[in-house]
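**Q** structure, please.
(4 chains)
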Number of protein chains: 2
Amino acid sequence: MKSGIAHIVDDDDAIRDALAWLLRSRGLTSQSWASAEAFLADYLPDMRGCLVLDIRMADMSGLELFDRLLALGCTMPAIFLTGHGDVPLAVQSLKKGAFDFIEKPCNDNDLVDRIIAALALDYEQRKHAASTQSIEVRLRSLTTREREVMDRVLAGQYNKVIAAELNIAMRTVEVHRSRIFEKMDVKSAVELAQLLAGGQQD
Amino acid sequence: MKSGIAHIVDDDDAIRDALAWLLRSRGLTSQSWASAEAFLADYLPDMRGCLVLDIRMADMSGLELFDRLLALGCTMPAIFLTGHGDVPLAVQSLKKGAFDFIEKPCNDNDLVDRIIAALALDYEQRKHAASTQSIEVRLRSLTTREREVMDRVLAGQYNKVIAAELNIAMRTVEVHRSRIFEKMDVKSAVELAQLLAGGQQD
DNA sequence: GGGGCGCTTGCGGATATCCACAATAGCCCT
DNA sequence: AGGGCTATTGTGGATATCCGCAAGCGCCCC
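**A** Residues are numbered from 1 along each chain as shown, chains lettered A, B, ... in the order given. Predicted structure coming up:
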């Protein structure tokens, strides 16, 4: 399987080139942008890999870029590079979910290690998200009525009670119930409960 | 309900006193120690509140103390105080799970705010842990056989199948099953599945 | 107007689950 | 030896669930 690529955003040509060279020499793929704006313009939700962002850049900082990306639903791990040891900034970045915050100049091996770790994290995250999404797709295939019934099935109510609550016949509940199991690809209420509790709640 | 207290560990008498005074003036309770060793000696698992640790101390640093406490199962949020802006140290601390990392001198209001937030987090964490623990207590009250049956019930197997697998009569499975529901304080397999999936896995 | 889809219901039977009542047996501890 | 706990099984009945077969009704779209 193809691994993600490192998305480098730095307004310093020399650093971009050095990073690209370093990564290529270690067998990693990267792509570079000279500004936050440029990256944002190219950003696509299906990009995979990690971010390597310079904190201090003209116009838009790496941290602000990260904020924007988060708002766009980007989940790639971000490694921030900073030239001047600013503790509050580091704290702020990490609290926002940065993967790492590294001071320049830094050891090449360490940086590469962190990037590899970030790429691996992204891979794991996507693998996990895939299963969660498949659940959501199935959930969306349920009709309104089926959702209502499912909620009550998950609450452990008997078909009889559900029927009374929804003012429909028990047989109807049974039909919805089988359809729910069929659509959700489970064979019992227990499996359904585990599927939903294990993935993500409704 | 009583809120937790701030546990201050700093080898500088003046700072300890200043912090204690500041917190008391804001209606918060605190207790101070002059060294990591002293705190470790007094540490009890049922302490609640937050930690306010000086990073640089003789013998054992605040970070090392935090490590030791984590190993002891301590879950109190830790706020680190540092006098010299050391970015790698900040990054390291936060990655280890520090609640915050603040440079001295710092704004009193900000510090108090962070301490209040940490105390609130500890409260929430304990509230959540309480329910998880209650589940585990109940789980431990199950006999070996009951666990075996429960595992299979959660796998969605019919009593008949479970009975065949365990080489016992179906009736026996039914008995175990009711006992499981009774001990776990649920009334159906669905509830059981949700309880376990929602809390923590076996 | 016909067709697809969602929601509804009934009948009847095969299976499963839930439970009270009743009982046997092994193991550990006092 | 007796008591407590765990595991085991049976009988029999009340409830529930699972399903195939069959069908009516309303809504939306081509």
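**Q** contacts, neighbours, all on C-alpha from now
**A** Will do.
**Q** wait, what's in contact with the residue of chain A positioned farthest from its centre?
**A** Relative to the centre of chain A, the most outlying C-alpha is that of A:Ala169, 42.6 Å out, by C-alpha atoms, centre = their mean. A:Ala169 sits next to A:Ala163 when contact means C-alpha atoms under 8 Å, 6 or more residues apart in numbering or on different chains.
**Q** and it, how far is that from chain B?
**A** 22 Å (C-alpha to the nearest C-alpha, to the nearest Å).
**Q** and that residue, what are its phi and psi?
**A** phi -70, psi 150 (degrees, to the nearest 10).
**Q** neighbouring contacts of whatever helix or strand A:Ala18 lives in?
**A** Element membership of A:Ala18, judged by DSSP states H and E, is helix A:13-25. With contact meaning C-alpha under 8 Å, 6+ apart, helix A:13-25 is reached by A:8-10, A:29-32, A:34, A:108, A:112.
**Q** now that helix: average pLDDT?
**A** Averaged across helix A:13-25, the pLDDT comes to 96.
**Q** same check on stretch A:193-202?
**A** For stretch A:193-202, the per-residue pLDDT averages 70.
**Q** what about A:Leu121, how many neighbours?
**A** 17 (other C-alpha atoms under 10 Å in any protein chain shown).
**Q** ok, now which ones touch it?
**A** Contacts of A:Leu121 (C-alpha under 8 Å, 6+ apart): A:Pro77.
**Q** specify the local secondary structure of the spatially most central residue of chain A.
**A** Closest to where the C-alpha atoms of chain A average out (C-alpha atoms, centre = their mean) is A:Thr75, at 3.7 Å. Judged by DSSP: H, G, I helix; E, B strand; the rest coil, the three-state class of A:Thr75 is coil.
**Q** and for A:Leu51?
**A** With three-state DSSP as the criterion, A:Leu51 reads strand.
**Q** secondary structure element for A:Gly97?
**A** Counting by DSSP H and E, A:Gly97 is found in no helix or strand.
**Q** same thing with A:Ser134?
**A** A:Ser134 belongs to helix A:108-140, assigned by DSSP H and E.
**Q** near chain B at all, the helix or strand of chain A with the lowest mean pLDDT?
**A** Least confident helix or strand of chain A, by mean pLDDT, DSSP states H and E, is helix A:189-198 with a mean of 86. Yes. Under the criterion of C-alpha under 8 Å from any C-alpha of the partner chain, helix A:189-198 makes contact with chain B via A:189-191, A:193-194, A:197-198.
**Q** so that helix versus helix B:189-198, what angle?
**A** 20 degrees (axes from the mean of the first three to the mean of the last three C-alpha atoms, to 10 degrees).
**Q** next one: the residue of chain A found nearest DNA strand C relative to A:Lys160, how far apart?
**A** Nearest residue of chain A to DNA strand C: A:Ile168, at 3.0 Å (C-alpha to the nearest atom of the strand). Shown here: A:Ile168 relative to A:Lys160, a distance of 10 Å by C-alpha to C-alpha, to the nearest Å.
**Q** residue numbers of chain A in contact with DNA strand C?
**A** A:143-146, A:166-172, A:175-176 (C-alpha under 7 Å from any atom of the strand).
**Q** would you list those in TSV and tack on secondary structure and pLDDT?
**A** Converted to TSV, the residues of chain A next to DNA strand C look like this (DSSP: H, G, I helix; E, B strand; the rest coil; pLDDT from 0 to 100):
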residue	secondary structure	pLDDT
A:Thr143	coil	91
A:Thr144	helix	91
A:Arg145	helix	91
A:Glu146	helix	93
A:Leu166	helix	92
A:Asn167	coil	93
A:Ile168	coil	93
A:Ala169	coil	92
A:Met170	helix	92
A:Arg171	helix	93
A:Thr172	helix	95
A:Val175	helix	93
A:His176	helix	94
